[in-house]
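> sequence and predicted structure below; questions after.
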Protein chains: 2
Amino acid sequence: MTDDAAPVPVEVPDGLDFWSFIELANRRLSTEYGSTHELATQVLLTLNRASNVVTYDLESSIHRPRGLSWSAFRLMFVTWLAGPVESKTAAKLTGMSRAAVSNLTKTLVGGGLMERTPDERDGRSVQLSLTEKGRSEIGEIYREQNEREHAWASVLTEPEQRILVMLLDKLITNRSQFDVRGRN
Amino acid sequence: MTDDAAPVPVEVPDGLDFWSFIELANRRLSTEYGSTHELATQVLLTLNRASNVVTYDLESSIHRPRGLSWSAFRLMFVTWLAGPVESKTAAKLTGMSRAAVSNLTKTLVGGGLMERTPDERDGRSVQLSLTEKGRSEIGEIYREQNEREHAWASVLTEPEQRILVMLLDKLITNRSQFDVRGRN
DNA sequence: GGCATATAGTTCATAGATATACTAAAAGCG
DNA sequence: CGCTTTTAGTATATCTATGAACTATATGCC
């Protein structure tokens, strides 16, 4: 391999896109680069890209038009369902950094959607909760999102959906078998 | 609902985390908020969170220690496998904006990992390719990542892995049935 | 051929996320 | 108690990604 250009023994199709790239990657890795665990790559590449496609769709069709980012939705959703939560808990449940929650909270409080009340017992911490307006907003947003989620999921039969959940659950839950990196 | 605090008929467990939140959400949505399509939410929440967990783990254990972002890895990976590509194609295949590819390319060219050569036929476009150094880097990085991917995927049996891929593939491929938002 | 339109890429302004450093409060411990 | 260490949250600087505006090429059409 002294040439700059990568070898092109496998044809690179013209209509290649974000999704079909997975297939190309799979083919090239197995035929040329002698990937040791080719199926593992396929599984995780597929997982990652499927998630991106769906998330981008939901964000751009539901949340952006209302002026909310995907992160803002997540924070409101978590606060809605897990009740008033400490800021650090919100960070853990949304998968954001504490700093991100802090910044985002400012915006949402400014918009009258959330409230920050100092904790009675612990002077350092803060309880995040939704305002009445925030609660009615998230309820409405969720209903709208849920319709679209349904449109997505309905491509699979109900048993298929359950199997998918089960497999993903197994994938993540058994991660204790090795040393996974998580936030914080 | 005149009280600020959300109702708490379902217990919010203490050890709640990013992953177990899915379960809580599912319970509350079905018991309290009368989610119409509860399973759909569960499927997509699980998909999104599983992807985040794995991606964060790979980025922090493999790529950050080498000074590469997840995006940088994706761009190199795509360029590696899809041969020299136009900048706009790279954007499509990585799922980034054209601006992001443009910025990232500067960094990678600066680090001696990529090359930008003007297209002979089209004076506007640019071909992205890996340098010799870039190609050997991505090869090594991929091998390392592939080992970790294997550790993740091995939690599932091979048939389970194939079913997972199949289900995700079905979920995404049949999206043509409704009007999905994509980048660009 | 010449002019309108579309396309490729970059630049710029902005939003969002992170890590780091900092402040304030709590907890542990002699 | 008082001192050290830990913890919660925030402010700051930096980085990254985006959309929109801009530059330059290319294409289509009369």
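Thanks, I have it.

> correct me if wrong: A:S154 contacts B:A40.
Yes: proximity of A:S154 to B:A40 meets the contact threshold set by CB atoms under 8 Å, at 7.4 Å. Just so you know, the C-beta spots here come from the backbone N, C-alpha and C atoms, and that holds for glycine as well.

> ok, the two, which is more surrounded?
Neighbour count, other CB atoms under 10 Å in any protein chain shown: between A:S154 and B:A40, B:A40 has more, with 22 against 16.

> assumed that one was part of a helix.
Yes: counting by DSSP: H, G, I helix; E, B strand; the rest coil, B:A40 falls inside a helix.

> just the pLDDT at it, thanks.
pLDDT for B:A40: 96.

> please enumerate the helices of chain A.
Secondary structure of chain A by DSSP state H: the helices cover A:21-31, A:38-58, A:70-81, A:87-94, A:98-110, A:132-153, A:158-173.

> dump these into a markdown table; add distance to DNA strand D as well.
Listed next are the helices of chain A as a markdown table, based on distance: least, CB to the nearest atom of the strand, whole Å:
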| stretch | distance to DNA strand D |
| --- | --- |
| helix A:21-31 | 16 |
| helix A:38-58 | 9 |
| helix A:70-81 | 11 |
| helix A:87-94 | 3 |
| helix A:98-110 | 3 |
| helix A:132-153 | 17 |
| helix A:158-173 | 24 |
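
> what about stretch A:36-45, near chain B?
Yes: counting by CB under 8 Å from any CB of the partner chain, contacts between stretch A:36-45 and chain B involve A:36-37, A:39-44.

> which stretches of chain A have low pLDDT?
A:1-13, A:176-184 (pLDDT under 70).

> dump stretch A:82-92 to PDB, restricted to CA.
Output in PDB follows, covering the C-alpha atoms of stretch A:82-92 (Å, rounded to 0.1, in the frame of the first residue of the first chain):
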ATOM      1  CA  ALA A  82     -39.300  11.200  37.600                       C
ATOM      2  CA  GLY A  83     -41.000  14.000  39.600                       C
ATOM      3  CA  PRO A  84     -39.100  16.900  41.100                       C
ATOM      4  CA  VAL A  85     -35.400  15.800  40.800                       C
ATOM      5  CA  GLU A  86     -32.100  17.100  41.900                       C
ATOM      6  CA  SER A  87     -30.100  18.600  39.200                       C
ATOM      7  CA  LYS A  88     -27.500  15.800  39.400                       C
ATOM      8  CA  THR A  89     -30.100  13.200  39.100                       C
ATOM      9  CA  ALA A  90     -31.500  14.900  36.000                       C
ATOM     10  CA  ALA A  91     -28.000  14.800  34.600                       C
ATOM     11  CA  LYS A  92     -27.800  11.000  35.200                       C
END
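
> now tabulate the helices of chain A in CSV and tack on distance to A:V126.
CSV is the format used below for the helices of chain A (distance: least, CB to CB, whole Å):
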stretch, distance to A:V126
helix A:21-31, 43
helix A:38-58, 28
helix A:70-81, 12
helix A:87-94, 5
helix A:98-110, 8
helix A:132-153, 16
helix A:158-173, 30
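
> of those, which is nearest B:A72?
helix A:38-58 (15.4 Å; CB to CB).

> for B:G34, see how far away A:T107 is.
Counting by CB to CB, to the nearest Å, the gap between A:T107 and B:G34 amounts to 29 Å.

> more neighbours, the two?
Remark: of A:T107 and B:G34, A:T107 carries more neighbours, 15 against 9, as counted by other CB under 10 Å.

> isn't the more buried one right next to A:L75, touching?
No: contact status for A:T107 versus A:L75: not in contact, 9.7 Å apart, counting by CB under 8 Å.

> joint contacts of the two?
Common neighbours of A:T107 and A:L75, counting by CB atoms under 8 Å, 6 or more residues apart in numbering or on different chains, are absent.

> count the neighbours of A:R49 for me.
18.

> contact partners for it?
A:18-19, A:21-22, B:95, B:172.
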